[in-house]
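Peer 1: 3D, please:
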Amino acid sequence: MATLGVNVAVMRRVMEQHGWSERELAMHMDLAYSYVNRVLGGKRRPGAKFVAGTLLLGLDIEEVFIIEK
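Peer 2: Okay, here's the model as predicted:
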């Protein structure tokens, strides 16, 4: 079964380009910091809210997300 993963390097690069911490990234994605922290830490899979948050940032879905088999 395929699952959705996050290209953490891309998200870290976005954070670095904007000078954002994970907490600030979460704020700009309109998400809870703990959720973003767990997704970026590999402890949780991204869900619809995380996908929507990346769209709020104007990120390319194909660059941010990885289909894992």
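Peer 1: show me the contacts for F65.
Peer 2: Each residue near F65 by C-beta atoms under 8 Å, 6 or more residues apart in numbering is listed here: L4, G5, V6, N7, P46, V51, T54. Where you see a C-beta, it was placed from the backbone N, CA and C, and this is true even at glycine.
Peer 1: Just the buried ones from the residues you listed, in ChimeraX syntax?
Peer 2: Only the buried entries of the contacts of F65 go into this ChimeraX selection, using 16 or more other C-beta atoms under 10 Å:
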select :6,46,54
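Peer 1: from what I can see L57 touches V14, true?
Peer 2: Yes - taking contacts as C-beta atoms under 8 Å, L57 lies within contact range of V14: 6.8 Å.
Peer 1: Neighbour count: these two, which is higher?
Peer 2: V14 (18 against 14; other C-beta atoms under 10 Å).
Peer 1: In which helix or strand does the more buried one reside?
Peer 2: Per DSSP states H and E, V14 falls inside helix 8-18.
Peer 1: For that helix, which outside residues touch it?
Peer 2: W20, S21, E22, E24, L25, H28, L40, G42, L57, L59, E63, V64.
Peer 1: Can you report how many residues lie near the first one?
Peer 2: Around W20 there are 14 other residues, counting by other C-beta under 10 Å.
Peer 1: and R44, what are its phi and psi?
Peer 2: phi -150, psi 150 (degrees, to the nearest 10).
Peer 1: May I have the secondary structure class of the closest residue in space to it that isn't next to it in sequence?
Peer 2: Computed as C-beta to C-beta, 6 or more residues apart in numbering, the closest residue to R44 that is not its neighbour in sequence is R38, at 3.9 Å. Three-state assignment for R38 (DSSP: H, G, I helix; E, B strand; the rest coil): helix.
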